[in-house]
Every structure is written in structure tokens, then in C-alpha cells.
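Participant: A structural model of the following input is requested.
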Amino acid sequence: MISPDYCRLMARYNAWQNDGLRGLVTEMPREVYEADRGAFFGSIRATLNHLLWADRVWMSRIGDLDPPGGGIAESVEITRNAADWVAERYRVDGRIRVWADRLRAVDLAGPLTWWSGASGREVTKPRALCIAHMFNHQTHHRGQVHAMLTQAGLQPPPTDLFLMPQEA
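Facilitator: The predicted structure follows:
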């Protein structure tokens, strides 16, 4: 399904994409960052917070991060402002990259079992599927942020994987 090389590529892509958002987020007025734009989580801030929360949740299951606490409803409040988001996003992206760099094929095998607050029950799925889901979830919600940035009249950075610099 996936390989350690795929995970390293996607970890680099995730960090590159979030690096591109950092500048926009820190320079935009707070009203733009927090305005409800009709997306699933409402605002740019809430969507980015949910994504950060979810990355920490998944990395607590497959890596070595502590879970963030709270459920999906609380995920939108994981950071208070853009500066806090930038700092925590940078830290989590670094941890994802270190995890991916150390990954071996055997680490992708077997089941992963966890308590899912979203479904209200214990869930067991293939570990590789869960890891692929984490990367897909990142891309999904950054796509929502991209649309909200465009709606706000801002120029989001490119998202095409083939445009990622080799050094990212």
C-alpha cells in the first residue's frame, strides 16, 4: 500500500505546505484569520487548528507525540492565535519528519487499535491505511484553507506535489 519512502515524501510535502501557510497566517489581520467562511470548521484558524490537533492525535497513535486532549469539537481551539499556531505547527511538522525518516517497512505492517472518539468505539485498522489517512487528511483540510484564503483575496502558495523543491 505505502512505503517508508512514500511517508518521507508526504512528511516533506506536509512541512513544505505548512511553511507556505506560515507567512500568510502571520501577516493577515486577525479578522481574516478568524472570519467564518462557511467551511466545515468555519474559519482558517479553526481549520488549521483542527488539522494540527488531528496530526497530534495520529502521531500519538503511530509515533511518539503526546495526544492533544479534547475531541473534535475542541480541536478548533488548540491554539489561540496565529503566532501560537506557527510555533506548534513547526514543532509537530518536525516530529512528523523525524518519525518518517526513521520509519522502516516493518513499521507499516500489522493492525493499529485505538479508541475513536469520532465513532465512540474501539477501532482496529491496518497501520498503513491509518498512516495514508493521516497524510490524506492533511491535504484535504489544507485544500479547504486554500479555498478560504482565495475567498479572502489572498494568494495561497502552490500545492502541486511536483512543484515541491528538492530541498523542502
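
Participant: list the contacts for Thr47?
Facilitator: Thr47 makes contact with 39-41, 76, 141, 144-145, 148 under the criterion CB atoms under 8 Å, 6 or more residues apart in numbering. Glycine gets a C-beta too; all of them are placed from N, C-alpha and C.

Participant: confidence score at it?
Facilitator: Listed pLDDT for Thr47 reads 98.

Participant: just among the contacts of Thr47, which is most surrounded?
Facilitator: Counting neighbours by other CB atoms under 10 Å, Met148 comes out on top of the contacts of Thr47 with 25 neighbours.

Participant: where exactly do the strands run in this protein?
Facilitator: Secondary structure of the chain (DSSP state E): strands located at 111-116, 121-126.

Participant: touching the last one from outside, list them.
Facilitator: In this structure, residues lying in contact with strand 121-126 by CB under 8 Å, 6+ apart are 1, 110-116.

Participant: need the max-distance pair from the residues you listed.
Facilitator: Maximum pairwise distance among the contacts of strand 121-126 (CB to CB): 23.8 Å, between Met1 and Trp115.

Participant: including distance to Leu52, could the strands of the chain go into a markdown table?
Facilitator: Listed next are these as a markdown table, based on distance: least, CB to CB, whole Å:
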| stretch | distance to Leu52 |
| --- | --- |
| strand 111-116 | 19 |
| strand 121-126 | 22 |
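
Participant: of all the contacts of Thr47, which comes closest to Gly69?
Facilitator: Distances from Gly69 to the contacts of Thr47, taken by CB to CB, are shortest for Val76, at 13.4 Å.

Participant: tell me how far that closest one lies from Glu122.
Facilitator: 25 Å (CB to CB, to the nearest Å).

Participant: what do you get for Thr47?
Facilitator: Counting by CB to CB - Thr47 and Glu122 are separated by 28 Å.
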